[in-house]
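Visitor: coordinates only, no sequence provided:
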């Protein structure tokens, strides 16, 4: 485990991020030196965390956090880059935040704003921040690196620190900063034991809820976010995942099926890690999932209506664990709009899994709009739903994952 110290560069001196803890609280807060003193920056930090306005909950999956600092940070947003990096370190399995009086393998002095697209934006007062950190540069020497926004901020920092030889890293995106601290490079994903994932095919719903258990897929995954991608019509005929020769407890589909759900693995490009997919615009390598091979960073469920079906709706029901950006209503998969071609549902899990994941994805295919059935699933226990629409199929994809050993 590599222990790193993250320092926020301010005009009044450096402030260390001592600890981040997930909390069951109505809002996130910033506290001073692990005490009950709540700092004025708490409101801005909560905005940075909260889904919709911020990026932390979206990328790391938590609801609210407590951030402990060694000192007071004033107004502004230049602390955002340091805080994002601290969250990434806190969630990592390879790095750890250095607390007070703990020796760190390396120290990073950080300033920069982070926008909703995870781009690093420039800040003000670079000269004052570098001057206020003079004691850190003199005491830590080569053990300190500076992470700043690219462009004028980086040029100025390089000019100010040239004589001392301090390394300055210009960053345009979050992925650049994560690479600096070593969270994007490293060993390939570890292999884990996983159950085979079948192609789940829907059946014609001639009996109440008769097609709900048409198939189940048990998936092993460790990394995560939930996002959606509308595919063009010419992608609808992509090759399907080969069906396994034996699938336990999978009921055979009736003669006529209104849709199918296919499962693919998402893998990082050669030499990269799963974090590269999560924090950058890098496209995953898609291939049929092989449980005996490399562990995927996530999975892609390809949802394809089949004639005469024209509508599809999807509901994600979570029993335990957490997902990132678990979208509940997406254009094209709400059940009230005709679907053209195939649609892709991307599934990942958080950077560090702390509890077992257990959730189901219900895909409803229909010849007519299925929004009413989708609404039933969102407001009721799936087991109690009585589907009397004979022109609709319901397919469940069940995903479970135990906590890492």
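Guide: Yep, it's here. As the structure is a prediction and not an experimental result, all values here were calculated from the model. Numbering: from 1, shown residues only.
Visitor: tell me where the protein is predicted with low confidence.
Guide: For the chain, the stretches flagged by pLDDT under 70 are 141-142, 185-256, 280-281, 291-293, 295, 322-332, 349-354, 380-391, 401-405.
Visitor: now do the longest helix along it: distance to the chain's middle.
Guide: Longest helix of the chain, by residue count under DSSP state H: helix 80-91. For helix 80-91, the separation from the chain centroid amounts to 14 Å (computed by C-alpha atoms, centre = their mean, to the nearest Å).
Visitor: parallel or antiparallel, list what pairs with the helix or strand following it.
Guide: Counting by DSSP states H and E, the next helix or strand C-terminal to helix 80-91 is strand 95-97. Sheet pairing for strand 95-97, assigned by DSSP bridges, gives strand 2-10 (parallel).
Visitor: tell me the buried residues in the partner strand?
Guide: 4, 5, 6, 7, 8, 9, 10 (16 or more other C-beta atoms under 10 Å). Placement of C-beta: from N, CA and C, glycine included.
Visitor: got the domain ranges for the protein?
Guide: As assigned by automatic domain parsing, the chain contains the domains 2-180, 200-401.
Visitor: end to end, how far does the shortest one reach?
Guide: Chord length of domain 2-180, first to last residue, is 13 Å (C-alpha to C-alpha, to the nearest Å).
Visitor: next one: that domain to chain centre, how far?
Guide: So, by C-alpha atoms, centre = their mean, the centroid of domain 2-180 is 20 Å from its chain's centroid.
Visitor: could we number from 36 for the rest of this?
Guide: Done: numbering now begins at 36, and the last item shifts to domain 37-215.
Visitor: compute the distance between the closest residue to residue 132 other than its chain neighbours and residue 383, please.
Guide: Distances taken as C-beta to C-beta, 6 or more residues apart in numbering put residue 124 closest to residue 132, at 5.3 Å, once the chain neighbours are dropped. Separation of residue 124 from residue 383 (C-beta to C-beta, to the nearest Å): 19 Å.
Visitor: residue 313: what secondary structure?
Guide: Under DSSP: H, G, I helix; E, B strand; the rest coil, the three-state class of residue 313 is helix.
Visitor: would you confirm that it contacts residue 93?
Guide: No - taking contacts as C-beta atoms under 8 Å, residue 313 lies outside contact range of residue 93: 10.7 Å.
Visitor: quick one: which of the two has more around it?
Guide: Neighbours were counted for residue 313 and for residue 93 using other C-beta atoms under 10 Å; residue 313 has more, 27 against 17.
Visitor: as TSV, the buried residues of strand 37-45 with distance to residue 52 would be great.
Guide: Shown next, in TSV, are those (distance: C-beta to C-beta, whole Å):
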residue	distance to residue 52
39	10
40	8
41	5
42	8
43	7
44	12
45	12
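Visitor: go through those residues and say which is closest to residue 413.
Guide: In terms of C-beta to C-beta, no member of the buried residues of strand 37-45 lies closer to residue 413 than residue 41, at 39.9 Å.
Visitor: may I have the beta-bridge partners of that closest one?
Guide: Under the criterion used (DSSP bridges), residue 41 bridges to residue 143.
Visitor: residue contacts, it?
Guide: For residue 41, the contact set (C-beta atoms under 8 Å, 6 or more residues apart in numbering) comprises 51, 52, 117, 120, 121, 124, 132, 143, 145.
Visitor: likewise for residue 335?
Guide: 298, 299, 300, 301, 319, 321, 379, 380, 381, 382.
Visitor: right, and the last one touches residue 333 too?
Guide: Yes - with contact defined as C-beta under 8 Å, residue 382 counts as touching residue 333 (5.4 Å).
Visitor: in space, what's closest to residue 134 - neighbours in sequence excluded?
Guide: residue 53 (5.1 Å).
Visitor: just want the phi and psi numbers for the residue lying farthest from the centre of the chain.
Guide: What lies farthest from the middle of the chain is residue 198; by C-alpha atoms, centre = their mean that is 40.3 Å. Taking degrees, to the nearest 10, you get phi -70, psi -40 for the backbone angles of residue 198.
Visitor: against residue 186, how distant is it?
Guide: For residue 198 relative to residue 186 (C-beta to C-beta), the value is 22 Å.
Visitor: and for residue 167?
Guide: From residue 167 to residue 186 the distance is 21 Å (C-beta to C-beta).
Visitor: quick one, which of those two is more surrounded?
Guide: residue 167 (16 against 13).
Visitor: correct me if wrong: that one contacts residue 42.
Guide: No - proximity of residue 167 to residue 42 does not meet the contact threshold set by C-beta under 8 Å, at 10.8 Å.
Visitor: now that residue 303 has come up, it's in contact with residue 320, right?
Guide: Yes - using C-beta under 8 Å, residue 303 is in contact with residue 320, at 7.0 Å.
Visitor: neighbour count: these two, which is higher?
Guide: Ranked by neighbour count (other C-beta under 10 Å), residue 303 and residue 320 place residue 303 first, with 23 against 16.
Visitor: contact partners for that one?
Guide: 224, 309, 311, 312, 317, 319, 320, 332.
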